[in-house]
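Student: Sequence first, then the predicted structure:
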Number of protein chains: 2
Amino acid sequence: MQETRLDTARIRAARRVIDPTFLDTPLYRCEALEPDLGCAVSIKLETANPVRSFKARGTELVAGLLADKGSRAVVCASAGNLGQALAWSGRGRGLDVTVVASRFAPAAKLDRIRALDARLELVDGDFDMARERAAAIARNDGIRLVEDSLDIETCEGAATIGLELVDTVPPFDAVLIALGGGALATGVGHVMKALAPEVEVICVQPLGAPAMTHSWRQRRVVTTDSTNTIADGVAGRCPIPAVLDDLLLVADDAVLVQESSIIAGMRMLLDHAGLVVEPSAALGIAAILEDRDRFAGRHVVTIVCGSNVDVDAYHRWVGAAPIHKV
Amino acid sequence: MQETRLDTARIRAARRVIDPTFLDTPLYRCEALEPDLGCAVSIKLETANPVRSFKARGTELVAGLLADKGSRAVVCASAGNLGQALAWSGRGRGLDVTVVASRFAPAAKLDRIRALDARLELVDGDFDMARERAAAIARNDGIRLVEDSLDIETCEGAATIGLELVDTVPPFDAVLIALGGGALATGVGHVMKALAPEVEVICVQPLGAPAMTHSWRQRRVVTTDSTNTIADGVAGRCPIPAVLDDLLLVADDAVLVQESSIIAGMRMLLDHAGLVVEPSAALGIAAILEDRDRFAGRHVVTIVCGSNVDVDAYHRWVGAAPIHKV
């Protein structure tokens, strides 16, 4: 394939830098999901760790490099999960971590960022406004700005998931990846194309936050004026050109799903897999639900990428049936 | 220490027989739980696998041995999790699996046993009645009876969790283990006493199913006439003498907890760890809640041993607050 910004040897080396608590996560068939989905489904579970998402794979690399250089401080914008992960990785290395987030981000994510001793600054706008503010802080304070999906460490950290997938026996046919800024999709996608090119790489985004998918389809950056989705973890408006370039090389498809399918996916993961997940982590199941014919009889891996969700909101989304029975 | 029936070298060897999907499960600090519990808490998560409990570690050994001997059939009594695990392990090795269970066992557990192609026979009584019926089937049909906690493979399979715990850095002070028939407690306890004797081994049982705890305290088998607990996975009346003998050698304490504490523990694991668990898996958190002083400032590992729960019952138990807000 044409070369992405990522490097497979560096991704292998990254495993030695990342705290083992974030590596070698569960990967298992979930047959209880399969009657409703019509295909074999394996779950790659990225929620059973101290920050309940895959993001620490990347922040471990970032914080490790900064600590090696003697840096004392770092700032990032975050929809919530990157900030929590950077706070965790930075705390362990004595870094002062500042996270800029939307004040509309889930309270659970914001509370955990504060609990991990990071300085949290809220903006009265969305994730892309938080990005602007974080960049301003980095300029004013002269500290390192971590840019999710643009910084290669965030992509190569996520890519270590791909290494764990390609070691799977038996092999699988397709991997479904939540698409937001693109770190997870370009990371896992790079490894698939390099080491298991027969696996179809399918990115999934909400219809209510379609900027990167539209960009991938049109092969140029397409921005949107707003987003409208419960999948807060992937709700960006402004794709990053360099990330789009990589995504064009590694993604076989990018699909958009409805909010009702995301909720149905969350509900299925609860009922049949016993997993509480945030909306972004249900995008893969949502994609199967919207196109069962495409996946019929195939073996599909879906990356369950995070479980940081406000419990009350979660119950509003998925809890309808049991609540009426009480 | 005096010798239990278990053997550490055999436990190490067991890791080569057990399907890797059940090994090296997540072990991670869960700081979000800690403000309410007053101690450092790490979770050993045994639910992210195809049968959603630790039981397959043992059934993999049992089924492996039977297949090696050319056996064609096997029967067990089960509260639900052993049966599901034996069905999974037996199916992969071409064994005909019969499971005897109480008709009062959670529907989720019974449905999954059937879905894994096992023959399911229900008795109109509790787990100990199912044990009698399974023994009768084994005698009549001349097939192997798997007796949970008595058969050394069920204990040594569970004991592989202990090996994964003692490799932990940093070390911890105590491990909280759900106590039912005793396979998990004697297995993990054996490894702790052999390889990390400084770790306190604390077994936890519901007040409503206290037979083994009473037996441990009185150093003789004490049976009860009935059980009354939502923790269906540990609700036995008739401790097995040989298992009690081992438990007396490896347990530092056995404590009983109230139903309200089990529910509070389930709720905390949902709210602060994002984990849906069955009641037995919340016994450790319940024990901390009932005796915060004992654990204050210490580092405690709790084994989250299963997540096979009826979703409706789960919502009735833990769902009160969000439901009222809807």
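Tutor: Yes, it's here. Numbers count the residues shown, from 1 in each chain, chains lettered A, B, ... in the order given.
Student: I'd like the distance from the helix or strand harbouring residue A:242 to the chain centre, please.
Tutor: Under the criterion of DSSP states H and E, residue A:242 resides in helix A:241-250. Helix A:241-250 sits 16 Å away from the centroid of its parent chain (C-alpha atoms, centre = their mean, to the nearest Å).
Student: Pull out the buried residues from that helix.
Tutor: If you call a residue buried by 16 or more other C-beta atoms under 10 Å in any protein chain shown, then helix A:241-250 has these buried ones: A:242-244, A:246-250. To be clear about C-beta, it is placed using only N, CA and C from the backbone, and glycine gets the same treatment.
Student: Going by distance to chain B, which of the residues you listed wins?
Tutor: Chain B lies nearest to residue A:250 out of the buried residues of helix A:241-250, by C-beta to the nearest C-beta, at 27.2 Å.
Student: Name the nearest residue to that closest one, sequence neighbours excluded.
Tutor: Excluding its sequence neighbours, the residue lying closest to residue A:250 (C-beta to C-beta, 6 or more residues apart in numbering or on different chains) is residue A:189, at 3.1 Å.
Student: One more: residue A:67?
Tutor: Nearest non-adjacent residue to residue A:67, counting by C-beta to C-beta, 6+ apart: residue A:93, 4.0 Å away.
Student: Could you do residue A:188 as well?
Tutor: Nearest residue to residue A:188, sequence neighbours excluded (C-beta to C-beta, 6+ apart): residue A:162, at 4.2 Å.
Student: The helix or strand containing residue A:28 packs against which elements?
Tutor: Applying DSSP H and E as the criterion places residue A:28 in strand A:27-29. Judged by 3 or more C-beta pairs under 8 Å, 6 or more residues apart in numbering or on different chains; DSSP states H and E, the packing partners of strand A:27-29 are strand A:40-45.
Student: what does the very next helix or strand once past the strand it packs on rub up against?
Tutor: Using DSSP H and E, the helix or strand that follows strand A:40-45 in sequence is helix A:56-68. Residues outside helix A:56-68 that contact it (C-beta atoms under 8 Å, 6 or more residues apart in numbering or on different chains) are A:14, A:17-19, A:22-23, A:49-50, A:74, A:82, A:85-86, A:88-90, A:92-95, A:144, A:146, A:148, A:151, A:153-158, A:160-161, A:183.
Student: wait, residue A:178 sits on residue A:279?
Tutor: No: under the criterion of C-beta atoms under 8 Å, residue A:178 is not in contact with residue A:279, lying 9.3 Å apart.
Student: Near residue A:35, how many other residues are there?
Tutor: 9 (other C-beta atoms under 10 Å in any protein chain shown).
Student: what about it, which SS state?
Tutor: helix (DSSP: H, G, I helix; E, B strand; the rest coil).
Student: Now do the strands in the stretch 151-300 of chain A.
Tutor: Here the stretch 151-300 of chain A has its strands, by DSSP state E, counting those that start in this stretch, at A:174-178, A:200-206, A:253-257, A:299-304.
Student: Columns mean neighbour count and mean pLDDT on top of those strands, output as TSV?
Tutor: Shown next, in TSV, are the strands of the stretch 151-300 of chain A (neighbours: other C-beta atoms under 10 Å in any protein chain shown; pLDDT from 0 to 100):
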stretch	mean neighbour count	mean pLDDT
strand A:174-178	28	98
strand A:200-206	26	98
strand A:253-257	21	98
strand A:299-304	25	98
